[in-house]
Each structure stands twice: as structure tokens, then as C-alpha cells.
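Enquirer: got a sequence here, can you build the structure:
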Amino acid sequence: MTIEIFDINGQLIRTGKIDSENYKINLADLKTGVYYYRLTKEKSLLKTDKLIINVHQFF
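Expert: Presented below is the predicted three-dimensional model:
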């Protein structure tokens, strides 16, 4: 299975291969905003949905 993350403009910004149930992807460098992800398996679309990142920095 493959995960792809896109910004609001549709530009691919992250991709990864999922080969277990406990897959983690590092999104720490993403800015606050709306993103989209797409899950595919063997070129078949499984799911597309919205991903909202809300980053708070405390000083």
C-alpha cells in the first residue's frame, strides 16, 4: 500500500510505502494548514481524505 500527501494546491509533498498495520509517517515539518492524503494498493485507489495540521508553538 502507498500513502501520498498533497498540499492544498495538489502538489505531492510526501510519499511512503505501508507494509504493516502500525505505519508511522513524520509530518513534523508541515506547516499549519489543510492537506490531502491518498491511499492506493496495486494502483487501485483505496481512500482519499482531508488531513488538517494545526501546529502550536509555545515560547
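Enquirer: what helix or strand does the residue lying closest to Lys31 once chain neighbours are set aside sit in?
Expert: Distances taken as CB to CB, 6 or more residues apart in numbering place Val55 nearest to Lys31, at 6.5 Å, with adjacent residues excluded. Heads up, the C-betas are built off the backbone N, CA and C, glycines and all. For Val55, there is no host helix or strand (DSSP states H and E).
Enquirer: my understanding was that Val55 contacts Asp29; is that so?
Expert: No. Using CB atoms under 8 Å as the test, Val55 is too far from Asp29 to be in contact (9.9 Å).
Enquirer: quick one, which of these two is more surrounded?
Expert: More crowded of Val55 and Asp29, by other CB atoms under 10 Å: Val55, with 11 against 8.
Enquirer: tell me the pLDDT of that one.
Expert: Note on Val55: pLDDT of 83.
Enquirer: who's in contact with it?
Expert: Leu30, Lys31, Thr32 (CB atoms under 8 Å, 6 or more residues apart in numbering).
Enquirer: closest one to Leu46 out of those residues, please.
Expert: Leu30 (22.0 Å; CB to CB).
Enquirer: in what helix or strand does that closest one lie?
Expert: Short version, using DSSP H and E: Leu30 is in no helix or strand.
Enquirer: Three-state assignment for the residue nearest to Ile5 when sequence neighbours are not counted, please.
Expert: Excluding the flanking residues, the one nearest Ile5 by CB to CB, 6+ apart is Arg14, at 4.1 Å. Three-state assignment for Arg14 (DSSP: H, G, I helix; E, B strand; the rest coil): strand.
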